[in-house]
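> What would the 3D arrangement of this be:
(one chain, ligands or ions: 2)
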Amino acid sequence: MKVTVVGAGNVGATCADVLAYREIANEVVLVDIKEGFAEGKALDIWQKAPINLYDTRTVGVTNDYTKTAGSDVVVITSGLPRKPGMTRDDLISTNAGIVQSVTENIVKHSPDAIIIVVSNPLDVMTYAAHITSKLPRTKVMGMAGILDTARYRAFLAEALNVSPKDIQAVLMGGHGDTMVPLPRYTTVGGIPVTELIEEDKLNAIVDRTKNGGGELVKLMGTSAWYAPGSAAAQMVEAIVRDQRRVFPVCVKLEGEYGIDGVYLGVPVILGKNGIEKIIELQLNEDEKQLLETSRGHVKEVMDALDNMAAKA
Ligand SMILES: NC(=O)C1=CN([C@@H]2O[C@H](COP(=O)(O)OP(=O)(O)OC[C@H]3O[C@@H](n4cnc5c(N)ncnc54)[C@H](O)[C@@H]3O)[C@@H](O)[C@H]2O)C=CC1
Ligand SMILES: O=C([O-])CC(=O)C(=O)O
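Residues are numbered from 1 along each chain as shown. Ligands and ions are numbered 1, 2, ... in the order given. Sure, this is the predicted structure:
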């Protein structure tokens, strides 16, 4: 299996590293626009192979998409990360152009690839990649839900002093402050989380999860990469190994949850064809309201992108 990662920065290089050392692909091609940058990162990852014992070949290129030809999966991480004081939506004007031009190059050289978008603002960059690619919606998706759920699970594990391995959870909606963690679908070793933690503590964890990206931006001056890069690699693994894993993934909704034409995180089955199935949960009235707020926000940013395109 051949996987391309576009953007050799913090998230892209981390994703490529996980793909290599976990031998998720035979070949990983790293692409960046900065001269020599992807080549250097790929070489560094390759030089780690004799230490960590893996044989995935890692190749770096500067904007040369011929080397990406025939990729089975492509992860797009190219674009600006936010700085303290910015929202993800502030990145739209720069990142939309980058994501669109990268997608054109990808599809030209790997017409059968499944595309995983990571660049922010995530839901709207998934929209940009999907319309540019002209691929079916099952083959163009965004990574955010695994990351947001992982943050939620990590905070819960800390609060309950249990292993994060035993926390199962699902989270829906856009990748932003309006994301919708679902305590009703959160379990700890099979036990509903609501039986193990007080309501106010759980609410505080939900709020911290919603601001999880911003918390790290404030601490580091740029956004996170270890968990995001690993989350994207986990999606690649589910596809190339046809694992049929159940993850929250950003995809274009076409009537599911009563929503049409908006890109939102929902639970899906991920396998060799990409999105194998969208799972429709029976949400209660409160959850439906939260999802509707999230839909409204993502739709506003999608409209902003359409307006930018109309003026261009
Ligand atoms: N979906 C999610 O949950 C997450 C999304 N992100 C987003 O991922 C993106 C990347 O973040 P980082 O890796 O931290 O940023 P970074 O600045 O470390 O890396 C971005 C890389 O993209 C490259 N690039 C820019 N234009 C390009 C083009 N046209 N072709 C190829 N490469 C190009 C840059 O040279 C740079 O090396 C940001 O938009 C960030 O907001 C970050 C974390 C989580
Ligand atoms: O916060 C950011 O800008 C990057 C991101 O999406 C995240 O870490 O959740």
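> quick check, distance from the helix of greatest length in the chain to the centre of its chain.
Counting by DSSP state H, the longest helix found in the chain is helix 285-311. How far helix 285-311 lies from its chain's middle: 18 Å, per Cα atoms, centre = their mean, to the nearest Å.
> residues of that helix that come out buried?
287, 290-292, 294-295, 297-299, 301-302, 304-305 (16 or more other Cβ atoms under 10 Å). C-beta here means a position set from N, CA and C on the backbone, and glycine is covered the same way.
> Counting by contacts, list what it packs against.
helix 92-109, helix 122-133, strand 180-181, strand 260-271 (3 or more Cβ pairs under 8 Å, 6 or more residues apart in numbering; DSSP states H and E).
> Export these to JSON lines and append columns for mean neighbour count.
JSON lines is the format used below for the helices and strands packed on helix 285-311 (neighbours: other Cβ atoms under 10 Å):
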{"stretch": "helix 92-109", "mean neighbour count": "19"}
{"stretch": "helix 122-133", "mean neighbour count": "26"}
{"stretch": "strand 180-181", "mean neighbour count": "25"}
{"stretch": "strand 260-271", "mean neighbour count": "22"}
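> quick one, which of the ones you listed is nearest to K311?
For K311, the closest of these is helix 92-109, at 11.0 Å, according to Cβ to Cβ.
> now the angle between helix 285-311 and the closest one, please.
80 degrees (axes from the mean of the first three to the mean of the last three Cα atoms, to 10 degrees).
> List of residues touching the helix or strand following helix 92-109?
Heading C-terminal from helix 92-109, the first helix or strand you meet, by DSSP states H and E, is strand 114-117. Under the contact criterion Cβ atoms under 8 Å, 6 or more residues apart in numbering, strand 114-117 has outside partners 72-76, 99, 103, 106, 125-126, 129, 133, 135, 139-143, 232, 235-236, 239, 250, 273-274.
> Return the members of the residues you listed classed as buried.
Of these, these count as buried by 16+ other Cβ under 10 Å: 72-76, 99, 103, 106, 125-126, 129, 133, 135, 139-143, 232, 235-236, 239, 250, 274.
> So V118 sits against V75, correct?
Yes. Judged on Cβ atoms under 8 Å, V118 makes contact with V75 at a distance of 6.3 Å.
> which residues do those two both contact?
With Cβ under 8 Å, 6+ apart, V118 and V75 have common neighbours 12, 15, 143, 232.
> quick one: the third one and V251 touch, right?
No. Between M143 and V251 there is no contact under Cβ under 8 Å: 11.2 Å.
> Okay, and A154 sits in which element?
Element membership for A154, per DSSP H and E: helix 145-160.
> which residues sit against that helix?
So helix 145-160 is in contact with 163-164, 166-172, 175, 179, 181, 186, 188, 193, 196-197, 201, 205-206, 208-209, 212, 224, 227-228, 231, 234-235, 247-250, 265, 267, going by Cβ under 8 Å, 6+ apart.
> what is the orientation angle of that helix with helix 122-133?
For helix 145-160 against helix 122-133, the angle by the same axes, to 10 degrees is 160 degrees.
> Which other helices and strands does the next helix or strand after helix 145-160 contact?
Going down the chain from helix 145-160, the next helix or strand is strand 167-168, by DSSP H and E. Counting contacts by 3+ Cβ pairs under 8 Å, 6+ apart, strand 167-168 is packed against helix 145-160, strand 187-188.
> repeat that with 7 Å
Here strand 167-168 touches helix 145-160, going by 3 or more Cβ pairs under 7 Å, 6 or more residues apart in numbering; DSSP states H and E.
> What's the mean pLDDT across the helix it packs on?
Averaged across helix 145-160, pLDDT comes to 98.
> Tell me which residue in the stretch 1-150 of the chain sits closest to ligand 2.
The stretch 1-150 of the chain approaches ligand 2 most closely through R82 (4.3 Å), counting by Cβ to the nearest ligand atom.
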